[in-house]
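Enquirer: sequence first, then the predicted structure, then my questions.
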Amino acid sequence: MKVLSKPVADKSKYMDLLRQMMLIRRFEEKASEMYMRGKIGGFLHLYIGEEAIATGVMSVLGPDDYVVSHYREHGHALARGMDPKVIMAELFGKATGSSGGKGGSMHLFDASRNFMGGYAIVGGQLPIAVGLALAAKYRREDRTVLCFFGDGAVNEGEFHESMNLASVWQLPVIFMLENNLYGMGSYVERTHAGGKDIYHVADAYKIPAAQVDGMDVLAVREATEEALKRVRTGSGPVFIEAMTYRFRGHSMADPVAYRESSELDQWRKEDPIEKFKVVALREEFVTDDELQGIEAGVQATVEAAIRFAEESPEPELDTLHDNVYA
Amino acid sequence: MPEITYRKAISQALREILQSDPRAFMIGEDIGGYQGAYAVTRGFLKEFGPERIKDTPIAESVIVGAGIGAAMAGSRPIIEIMTINFSLLAMDQIINCAAKLHYMSGGQVTVPLVIRTVSGGGTQLAASHSQSLEGWFAHVPGLKVVAPSTPYDAKGLLRAAYQDPNPVMYVEHSLLYGMKGDIPDEEYSIPLGVADVKREGSDVTIISYSRMAQVALKAAVRLEEEGIDAEVVDLRSLRPMDTETIINSVKKTSRAVVVEEGWKAMGIGAEVSARIMENALEYLDAPVQRVASADIPMPYSRPLELATLPNEDRIIEAVHRLF
């Protein structure tokens, strides 16, 4: 892995990035705990280990830009600015959740932030990203669509259809691949003919592509900034592959029998938060005291989210049939 | 009232929408340069330009997804899936996305999308190109499904489908494109979910939709010659389905036959029969009869194909079983 790229000049920005990553980590750890206690149902896919990607990307995305994501999207939703309380309440299935308890962990939406959803069928968000970009282009709006997907999605037909059409129509999409090396339990080299460096597929569609260290928030931020600049010239989509690793299983149901613990140990050395802390302290962008302050702050935020979710009412049964049709 | 074809009626509705609403554009395979596989969009590329008449690669998932995403963003796309058989390649987008986004987002997102497609057999295209799959879509909450049988209904339902804030599958029939009928000069639309009594009668109710409604009307003329007065109810909308019109008719006639071009098993006929049983069992003088295609993949051979599809004779036989 590359060393961390050059620090951003602005100290408060630096602190924001760190706080954001730490908030996601703490939120996910607490969500895991709540799942084990039976407070959260269904599937729960944790973003632990991948925080640098959502954080780096969202730190440079504009408010008018659209975001679509997959089912491991709590981190994207938090980094986009969604209220942790509203997300946690949705995980709890409560009336105060972002979808009133109708979507759950895999289907977070915040239309007011142009966060257009978590999609739980692998690859399903890619064609929709194309459509959002098509509308932006048709209306001559300066908007980019940020489409997150994982290495598992690149073997779906929808991925290829979407890459092709976005390129043919020169649409403003950033295809943001979070390559955590495993599609559920299958190692990427066993499932993708091109091997683990997936960004080469973009060549076939004449889409400019880059690979970045997904454990380095500044590298992700920089790559996204460059991609945004390029997309905003109207020259079509850009593809970014962020190399990363999920420290936990595919979902809470996953005993992680398919990979060696030594592999996880290696990747833990790349922990995006710990690495960033070291640099931040060394460069004196943050003091030990400030770090503790951030830690206490995110802890309090997540505790408040849990309390809010706990105390919120279940959805009224008479809302069952609401929102089937507009 | 000018007389125009079913094809022209659809074209006219599309043209009026595109002329009056700048948010509207069309996406589909060969709708532009080729002018539409069934010539519905003839002249459109020239009239509206490539920004609004968008030819796509042969890639049904992203065609539908592009429509969904654009609709979510506030545009009003009308997409064309060349035939309903090809919609199978876009099922994830139609069923998992279009139908569910409003619900899963707690109402934050809406998908005002018209998906035009073509259903039915009868032109020797064999098993993969002759299906009537509209019932599959009508099974799914969150979608609306309409299937017009006349030029008048075709135009009016398309306008209503466009005005609707939900995803609507608008299902045309390839053998109806040449059919002529009267259309008023003034603008009109037909509400979704309202059936139409195409022929009034007192002895038996024949319930159908799309091309089979026309076949049922012809069967009714022959039944009249033998003294049976048949009422023909054209569903027009499969979801929402107008149960009230069906039940009112059955209460009057006490006999019902449901005719569909799809397969009988788990089909539209099964649904309509169940609604009659639930709401008007005590009015029935005989069990509801179903007429549908043979329970086989469509064969290519002309005589075998004709033996597969429902026709006037089979509808009349079904009516006879009720007396």
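Expert: Arrived safely, thanks for sending.

Enquirer: where do the helices sit along the chain?
Expert: You didn't say which chain, so I picked chain A. Listed in chain order, the helices of chain A (DSSP state H) span residues A:11-36, A:51-58, A:74-79, A:84-91, A:125-138, A:157-168, A:188-191, A:201-204, A:217-231, A:261-268, A:272-282, A:288-311.

Enquirer: ah, I was thinking of chain B
Expert: For chain B, the helices identified by DSSP H occupy B:6-20, B:44-48, B:60-72, B:91, B:101-104, B:134-138, B:151-163, B:210-225, B:243-253, B:268-280, B:302-308, B:312-320, in order along the chain.

Enquirer: neighbouring contacts of the longest one?
Expert: Helix B:210-225 is contacted by residues B:119-120, B:122, B:132, B:134, B:147-150, B:171, B:173, B:175-176, B:179, B:198-199, B:201, B:204, B:206, B:208, B:229-230, B:232, B:234-235, B:259-261, B:310-312, B:315-316, B:319 when judged by Cβ atoms under 8 Å, 6 or more residues apart in numbering or on different chains. (C-beta placed from N, C-alpha, C; glycine too.)

Enquirer: kindly give a single ChimeraX line that selects the buried subset of those.
Expert: The buried residues among these can be selected in ChimeraX (16 or more other Cβ atoms under 10 Å in any protein chain shown) with this line:
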select /B:119,120,122,132,134,147,148,149,150,171,173,175,176,179,198,199,201,204,206,208,230,232,234,235,259,260,261,310,311,312,315,316,319
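
Enquirer: deepest-packed of the helices of chain B, please.
Expert: Taking mean count of other Cβ atoms under 10 Å in any protein chain shown as the contact definition, the stretch among these with the greatest mean neighbour count is helix B:60-72, which reaches a mean of 30.

Enquirer: phi and psi next, for the residue of the stretch 151-300 of chain B found nearest chain A.
Expert: With distances taken as Cβ to the nearest Cβ, the stretch 151-300 of chain B approaches chain A most closely at residue B:165, which sits 4.0 Å away. In terms of degrees, to the nearest 10, the main-chain angles of residue B:165 are phi -80, psi 10.

Enquirer: any idea how many residues pack against residue B:242?
Expert: Using other Cβ atoms under 10 Å in any protein chain shown, residue B:242 has 20 other residues around it.

Enquirer: quick one, what contacts it?
Expert: Taking Cβ under 8 Å, 6+ apart, one finds B:193, B:194, B:195, B:235, B:236 in contact with residue B:242.

Enquirer: rerun at 6 Å
Expert: The contact partners of residue B:242, by Cβ atoms under 6 Å, 6 or more residues apart in numbering or on different chains, come to B:193, B:194, B:195.

Enquirer: how many neighbouring residues does the last one have?
Expert: Meaning residue B:195. 20.

Enquirer: thought it was touching residue B:245?
Expert: Yes. In this structure residue B:195 lies within contact range of residue B:245 using Cβ atoms under 6 Å: 4.1 Å.

Enquirer: report the contact partners of residue 116.
Expert: With no chain named, the answer covers chain A. With contacts defined as Cβ under 6 Å, 6+ apart, residue A:116 is in contact with A:66, A:68.

Enquirer: hmm, no, I was thinking of chain B.
Expert: Contact partners of residue B:116, counting by Cβ under 6 Å, 6+ apart, are B:80, B:170.

Enquirer: partner residues bridging it?
Expert: residue B:80, residue B:170 (DSSP bridges).

Enquirer: show me how far stretch B:17-29 is from its chain's centre.
Expert: Using Cα atoms, centre = their mean, to the nearest Å, the mean C-alpha position of stretch B:17-29 is found 21 Å from that of the whole chain.

Enquirer: likewise for stretch A:192-204?
Expert: Computed by Cα atoms, centre = their mean, the chain-centroid distance of stretch A:192-204 equals 21 Å.

Enquirer: need the residues of chain A near chain B, please.
Expert: Proximity of chain A to chain B, by Cβ under 6 Å from any Cβ of the partner chain, involves residues A:99-100, A:102-103, A:107, A:109, A:111, A:121, A:124, A:127-128, A:130-132, A:134-135, A:158, A:161-162, A:165, A:323-326.

Enquirer: off-centre distance for stretch B:185-198?
Expert: If you compare the mean C-alpha spot of stretch B:185-198 with that of the full chain, they lie 13 Å apart, counting by Cα atoms, centre = their mean.

Enquirer: tell me which residues of that stretch come out buried.
Expert: B:189, B:190, B:192, B:193, B:195, B:196, B:198.

Enquirer: with stretch A:267-287 instead?
Expert: Buried residues in stretch A:267-287, counted by 16+ other Cβ under 10 Å: A:267, A:270, A:271, A:272, A:273, A:275, A:276, A:277, A:279, A:280, A:285, A:286.

Enquirer: format those as a markdown table; extra columns: pLDDT.
Expert: Supplementary listing: the buried residues of stretch A:267-287 in a markdown table, determined by pLDDT from 0 to 100:
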| residue | pLDDT |
| --- | --- |
| A:267 | 97 |
| A:270 | 97 |
| A:271 | 98 |
| A:272 | 98 |
| A:273 | 98 |
| A:275 | 96 |
| A:276 | 96 |
| A:277 | 95 |
| A:279 | 89 |
| A:280 | 90 |
| A:285 | 88 |
| A:286 | 91 |
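
Enquirer: now the two most distant members of those.
Expert: A:267 and A:285 (24.9 Å; Cβ to Cβ).

Enquirer: just the CA atoms of stretch B:282-298, as PDB, please.
Expert: What follows is stretch B:282-298, C-alpha atoms only, in PDB (Å, rounded to 0.1, in the frame of the first residue of the first chain):
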ATOM      1  CA  GLU B 282     -74.500 -16.700  -5.000                       C
ATOM      2  CA  TYR B 283     -75.400 -15.000  -8.300                       C
ATOM      3  CA  LEU B 284     -73.700 -17.700 -10.500                       C
ATOM      4  CA  ASP B 285     -75.800 -20.300 -12.300                       C
ATOM      5  CA  ALA B 286     -72.700 -22.200 -13.400                       C
ATOM      6  CA  PRO B 287     -69.000 -22.300 -12.600                       C
ATOM      7  CA  VAL B 288     -66.900 -19.600 -14.200                       C
ATOM      8  CA  GLN B 289     -65.200 -20.800 -17.400                       C
ATOM      9  CA  ARG B 290     -61.600 -19.900 -18.500                       C
ATOM     10  CA  VAL B 291     -60.400 -19.700 -22.000                       C
ATOM     11  CA  ALA B 292     -56.600 -19.300 -22.400                       C
ATOM     12  CA  SER B 293     -53.700 -20.300 -24.600                       C
ATOM     13  CA  ALA B 294     -52.700 -24.000 -24.500                       C
ATOM     14  CA  ASP B 295     -50.400 -24.800 -21.700                       C
ATOM     15  CA  ILE B 296     -47.200 -25.100 -23.900                       C
ATOM     16  CA  PRO B 297     -44.400 -22.900 -25.200                       C
ATOM     17  CA  MET B 298     -45.800 -21.300 -28.400                       C
END
